[in-house]
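Asker: need coordinates for the following:
(chains A, B and C)
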Amino acid sequence: MADVMLMKEIETTADRLGIDLATVDLDSISLPPGQDFGIVSDDEDVLQGGDNPELDIGFGNIIIVDNLPVVPREKFDKLEGVIRKIYSQIGVIKEDGLWMPIDPETQKTLGYCFIEFNSPLEAELAREKTNGYKLDRSHIFAVNMFDEFDTFMKVPDKWAPPEFTPYTSGENLQHWLTDEKARDQFVIRAGSDTEVLWNDARQLKPEPVYKRAFWTESFVQWSPLGTYLATVHRQGAAVWGGASTFNRLMRYAHPQVKLVDFSPGERYLVTYSSHEPSNPRDANRVVINIFDVRTGKVMRDFKGSADDFAIGGTGGVAGVAWPVFRWAGGKEDKYFARIGKNIISVYETETFSLIDKKSLKVENVVDFCWSPTDPILALFVPELGDHPARVSLMQIPSKDELRQKNLFSVSDCKMYWQSNGDYLAVKVDRYTKTKKSTYTGFELFRVRERDIPIEVFELENKNDKIIAFAWEPKGHRFAVIHGDNPRPDISFYSMRSANNTDKVKKLTTLKGKQANALFWSPTGRFVILAGLKGFNGQLEFYNVDELETMATAEHFMATDIEWDPTGRYVATAVTSVHEMENGFNIWSFNGKLLYRILKDHFFQFLWRPRPPSFLSPEKEEEIAKNLKKYSKKYEAEDQDVSMLLSEQDREKRRMLKEEWEKWLNEWKRLHEEEKLERQTLRDGEVSDEEEEYEAKEVEVEEILDVSEEVLSFEE
Amino acid sequence: MRPILMKGHERPLTFLKYNRDGDLLFSCAKDHTPTVWFADNGERLGTYRGHNGAVWCCDVSRDSMRLITGSADQSVKLWNVQTGEQLYSFNFGSPARAVDLAVGDKLAVITTDPFMDSPSAIHVKQISRDPSDQTGESVLTIKGPQGRINRAVWGPLNKTIISAGEDAVVRIWDSETGKLLKESDKESGHKKTITALSKSTDGSHFLTGSLDKSAKLWDARTLTLIKTYVTERPVNAVAMSPLLDHVVLGGGQDASNVTTTDHRAGKFEAKFFDKILQEEIGGVKGHFGPINALAFNPDGKSFSSGGEDGYVRLHHFDSDYFNIKI
Amino acid sequence: MAAAQQTKLRWGELEEDDGEDLDFLLPPRQVIGPDENGIKKVIEYRFNDDGNKVKITTTSRTRKLANARLSKRAIERRSWPKFGDAVHEDVGSRLTMVSTEEILLERPRAPGSKPEEPKAGGDSLAQLGKGGAVLMVCRTCGKKGDHWTSRCPYKDLAQPAEGFVDKPPVSESTTAAAGATKGTYVPPSQRAGAERTGSDMRRRNDENSVRVTNLSEDTREPDLLELFRPFGAVSRVYVAVDQKTGMSRGFGFVNFVNREDAQRAINKLNGYGYDNLILRVEWATPRAN
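Answerer: Predicted coordinates for the structure are as follows:
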């Protein structure tokens, strides 16, 4: 390809060729389409700095297949036929899209060919699938994207060390955690604006942090530890963050991205897009990229048909269940896995390849989920023929089966892990003997105990339909909404019982509640029994320690309920699903309404997550014990009366202060006047002189210990 | 803060006074022996032995060399601060109550209680530089006010004497002629015995505390009532911060409440008020009995309180104190 | 004051015995530190009564209490010799000591918020919950048998519907409200709107006085009040307290308005477990009937 030329060289060349440059309108010269010699034109409205040429250049759907056999004319057609056969299995080769150049001298093929597909995706897929394909022992396809060739050609012969950019320390991305008033942030989307605000409970209103119109094209999402805010655009995703404002930290190219997912430790971002296939009868093409969040580098990509990714009970026919890749919990982001046909593919992030280079074969597996804290997989395999349904716990990477249980007459199953990974509840729907209806039971795994004992648990009324189930975060209890009545019952159970008999114990049942959803506080202890949808936003704030209702309230037509990450406040929102009364309310944990904000066309409300506390469990205990001591200080601040002052009071104070100023000035004046006289009284001793001072520390000696020891005689 | 506790007195405290430099703290108590302490760490320096009755009040000269004390033993004594030596003793016919040195330390005002037939009186004595020249003659004697005069101080430039006492009236007297110049208004003034009086650093205004559970701030020249601070306990002692706009009140309980209200150790507190807004800022607990004496260190960074329990509590303020918002 | 710690026995020994002579046998006094934490160890030796050598290790920590500025003259005064009663004092005497308790400038409550529960009451009540005892009455949410007022999870939420203290009308100053802490018994004479003097006596109703003994040291009037209220209107409670230590002397009196209530209280609570002790509840003056 062409090198960049200097203007001088152009002039020289022009002279040589006899062209008068003055007559040439340089600006009107346009390059033939697609042949820009790798030079980015100034004219092109390069999107956002345009550092991702792959997006727009039209050669994305061409591949170069190298290492083909060199054949004479006679064999051309045969070779072409073979290639066509191979590649049409992967994609549709465009009309006249296959070109095998011939060496004019030898009249033989040069050993490579160009194949053009209808879309870049197909081309990439083809490259992926056939790169390394063994035609025969001596001919292994080397397939590359046409565009990439460009880059390869540009590799200079001499290796020059990369430019050393001086280290610019980044902003403190965790700065928001150091808010003096310990407030939490949340992001809201309303209309075309996206805003990040502080929840200021003392002032009973939110305080803005950053607002931007058209910040995202569809939705926003926080990273799991709250460091980044992800936005989605046509060309890809971007993450934003910063100390006091939101700067764009990184962009990730992924055209037509639909969904994003962060790894729990915020190291990786998974993006997903789904495209119409060339053949309408095929399933959609799915592209999934895994980026390193901080560098923006693509660590791995996955391409395939939607069918490959749509296994799983919840996926259904319509599409893929997102997130397709589930990460093993914990900050290290060590493993991620996806379910496939009869396999679970578990990858590890050192090399981004399958552990042991192969997927786990699990015949007929339908669902899996990771423990939130340990690398343990819980799998569910439904009944098939003679084989009963099975739930098993598998340790990664050893692939040891820690525990498994066969279940009979199972129609469906759902797995729920407790937030600390201590317990796993498997909700099992079973057929009754007549197979006409189902009833539900739970298998409760106590993961932390030796041999992981399993307890079978059923509601008192087995036939009650289970409407909702939720573990208490960080706790040992769970809540179940069950019943067939229009107003179902809610029962609370504890995994611990008074005499440690390892049996689930019922704490209480609340009858006839207008609730269909459970929202536990992230710190446990409190739960909101919410009646969404049909119940039009009934809220009951319930204290599970005392088994008492703290408050009942209503947010008419509420669609979303979210606790803040500290468990102090709850946000309830009415999103634009409803036409009226869009907006959100902020409540205290015990059900007191603090403030409400109305916003039309309200789409999203998301609290900014917090990273887990750095305190050791001992320290946390110590703080809980000495809460009085710590809380005194904060109580004092909370009662900072100046905050609560009304306008009137402020006015009164101002006047008092003014009056006092007058007195002070008067006194000062008189004092000055009398100064000389005073001096006389003191026999000329001058007052108010700055004397020499020495700083001294007042120290006190505290006796810590006095011990006496009788020494033996010889010493 | 971690207060320093000084238990040098066997009986209830009556008065506390810092010297001008703020490094010494003088305490008076009912146990006859005024004591001097180092004001930074509370270490006791010495005691002044000689009185035979409760010591009600004291004052120290500007150079911290002379101490004057008033006692129920009907005498007012002059001491050498450094050695504890008694330099002179003024004798009266009735218990002496309040003492105050004038600017220049050449004059002292002393009040005496009503005793038998004699009413209470205000005496002005001359103080000589040289103790050997000292005489007991009074320069001026004012008689008259009903009831005990609990406190008397010099006004600006020693031109006036301000007195307050059991009759709840504040009076300003001419210090040369002894004429009554001003009296506090009965309507707006205190309703019960005035127990304490404290001057501002520049003497331009002063604070009085009374058993009527309030304290009042007055202009020293015009006797205009400027501020009133209301509390729920009878006030025994008052002090003004020289640094911030704070006023501190210390007090006790009505005797009638003693058996019925909760007694908890250390519950008696010194109450802080915002001087300008007249609103309560907070309280510092600790004393086991009513607080009878309060004093601020001239640098405003520490203060002391003396209680019925015989303890002096010395508090160095934390940085939080200086950041209080109201 | 970073002065050295002296063994208190030294004085006595030197003056009395000829133990003085043997001092040269003792190893010298060692002072170690203070280290970076300010911890200092003083090791001294002396002879005890049996003539054995005793090694005494005193560990102390020097802590900075405050900063002070001293003028030149003040520094001079620092070196003045002690006089009066302070003459024979050694630095280690216990006249001056730093409080072990941290004292704060406690801010008053904002108008309308509920004051703090008295601490001791809270503690004993907490223990009560554990002991699995008795009738628990919460005044805040009115529930009986579940938790005490101080343990009420809603104590911040709800304003007590009826406190024992008649709350003064809202317009009154906050100081008054703050002063009457919810748990403190305010004598009838102090309550807003009550008649003063004279009537107090009549109200006392000594005939319905119940004596409660074997109380724990932190039990106070509010605790007794809460314990006995369920039985009926209480006109007065009193807990005997040692003035010096501030601890309860272990007994108190409760006066009921109605005799029947008092009788029921005696029946129910005599022998009841409260704060790890068995209560004794009986008529204060011996009853004929």
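Asker: ok, B:Ala72 to B:Gly53 distance?
Answerer: Distance from B:Ala72 to B:Gly53, counting by Cβ to Cβ, to the nearest Å: 4 Å. For the C-beta atoms, the positions are set from N, CA and C on the backbone; glycine is no exception.
Asker: the two: which is more packed in?
Answerer: B:Ala72 (19 against 14; other Cβ atoms under 10 Å in any protein chain shown).
Asker: and that one, how far from chain A?
Answerer: 31 Å (Cβ to the nearest Cβ, to the nearest Å).
Asker: so what sits against both of B:Ala72 and B:Gly53?
Answerer: Common contacts of B:Ala72 and B:Gly53 (Cβ atoms under 8 Å, 6 or more residues apart in numbering or on different chains): B:Pro95.
Asker: closest residue of the stretch 101-250 of chain C to chain B?
Answerer: Nearest to chain B in the stretch 101-250 of chain C, going by Cβ to the nearest Cβ, is C:Gly246, at a distance of 2.9 Å.
Asker: isn't that residue right up against B:Phe288?
Answerer: Yes: between C:Gly246 and B:Phe288 a contact is recorded at 7.4 Å, counting by Cβ atoms under 8 Å.
Asker: between the two, who's got more neighbours?
Answerer: B:Phe288 (19 against 16).
Asker: nearest residue to that one other than its sequence neighbours?
Answerer: B:Asp309 (3.9 Å; Cβ to Cβ, 6 or more residues apart in numbering or on different chains).
Asker: in a helix, the one you found, correct?
Answerer: No: counting by DSSP: H, G, I helix; E, B strand; the rest coil, B:Asp309 falls outside a helix, being coil.
Asker: burial count for it?
Answerer: Using other Cβ under 10 Å, B:Asp309 has 24 neighbouring residues.
Asker: and it, how far from A:His601?
Answerer: The gap separating B:Asp309 from A:His601 is 68 Å, by Cβ to Cβ.
Asker: give me the contacts around the helix or strand of chain B with the lowest mean pLDDT.
Answerer: The helix or strand of chain B with the lowest confidence, counting by mean pLDDT, DSSP states H and E, is helix B:319-322 at a mean of 79. With contact meaning Cβ under 8 Å, 6+ apart, helix B:319-322 is reached by B:Met1, B:Leu244, C:Leu105.
Asker: three-state assignment of the second one?
Answerer: When the structure is reduced to helix, strand and coil (three-state DSSP), B:Leu244 reads as coil.
Asker: can you classify the closest residue to it other than its chain neighbours by secondary structure?
Answerer: Distances taken as Cβ to Cβ, 6+ apart place B:Gly300 nearest to B:Leu244, at 6.5 Å, with adjacent residues excluded. Taking three-state DSSP as the rule, one finds B:Gly300 in the coil state.
Asker: top helix in chain A by residue count?
Answerer: helix A:647-681 (DSSP state H).
Asker: do it and chain B meet at all?
Answerer: Yes: on the criterion Cβ under 8 Å from any Cβ of the partner chain, helix A:647-681 is in touch with chain B at A:Arg653, A:Leu656, A:Lys657, A:Trp660, A:Trp663, A:Trp667, A:Leu670, A:His671, A:Glu674, A:Glu677, A:Arg678, A:Leu681.
Asker: next: stretch A:196-214.
Answerer: No: residues of stretch A:196-214 are not located near chain B by Cβ under 8 Å from any Cβ, the shortest gap being 13.0 Å.
Asker: measure that stretch end to end?
Answerer: This stretch, stretch A:196-214, spans 13 Å end to end (Cα to Cα, to the nearest Å).
Asker: from the chain's centroid, how far away is that stretch?
Answerer: Computed by Cα atoms, centre = their mean, to the nearest Å, the chain-centroid distance of stretch A:196-214 equals 21 Å.
Asker: likewise for stretch A:489-505?
Answerer: How far stretch A:489-505 lies from its chain's middle: 34 Å, per Cα atoms, centre = their mean.
Asker: same deal with stretch A:193-213?
Answerer: Computed by Cα atoms, centre = their mean, the separation of stretch A:193-213 from the middle of its chain amounts to 21 Å.
Asker: now do the helices in chain A.
Answerer: Under DSSP H, chain A gives helices at A:7-17, A:73-88, A:120-130, A:146-153, A:306-309, A:617-625, A:627-638, A:641-644, A:647-681.
Asker: pick the most deeply packed of these.
Answerer: helix A:120-130 (a mean of 21; mean count of other Cβ atoms under 10 Å in any protein chain shown).
Asker: elements contacting it?
Answerer: strand A:62-66, helix A:73-88, strand A:113-117, strand A:142-145, strand A:285-292, strand A:298-305 (3 or more Cβ pairs under 8 Å, 6 or more residues apart in numbering or on different chains; DSSP states H and E).
Asker: turn these into JSON lines, columns for distance to chain C and mean pLDDT.
Answerer: Formatted as JSON lines, the helices and strands packed on helix A:120-130 follow (distance: least, Cβ to the nearest Cβ, whole Å; pLDDT from 0 to 100):
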{"stretch": "strand A:62-66", "distance to chain C": "68", "mean pLDDT": "87"}
{"stretch": "helix A:73-88", "distance to chain C": "70", "mean pLDDT": "85"}
{"stretch": "strand A:113-117", "distance to chain C": "67", "mean pLDDT": "88"}
{"stretch": "strand A:142-145", "distance to chain C": "64", "mean pLDDT": "86"}
{"stretch": "strand A:285-292", "distance to chain C": "44", "mean pLDDT": "86"}
{"stretch": "strand A:298-305", "distance to chain C": "47", "mean pLDDT": "84"}
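Asker: so which of these gets nearest chain B?
Answerer: Of all the helices and strands packed on helix A:120-130, strand A:285-292 sits nearest to chain B, with 45.4 Å by Cβ to the nearest Cβ.
Asker: in the closest one, which residues are buried?
Answerer: Buried residues in strand A:285-292, counting neighbours by 16 or more other Cβ atoms under 10 Å in any protein chain shown, are found at A:Arg285, A:Val286, A:Val287, A:Ile288, A:Asn289, A:Ile290, A:Phe291.
Asker: and the residues you listed as TSV, adding distance to A:Lys435?
Answerer: Formatted as TSV, those follow (distance: Cβ to Cβ, whole Å):
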residue	distance to A:Lys435
A:Arg285	40
A:Val286	37
A:Val287	42
A:Ile288	39
A:Asn289	45
A:Ile290	44
A:Phe291	48
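Asker: kindly reformat the residues you listed as CSV containing distance to chain B.
Answerer: As requested, these are arranged in CSV below (distance: Cβ to the nearest Cβ, whole Å):
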residue, distance to chain B
A:Arg285, 63
A:Val286, 59
A:Val287, 57
A:Ile288, 54
A:Asn289, 52
A:Ile290, 50
A:Phe291, 47
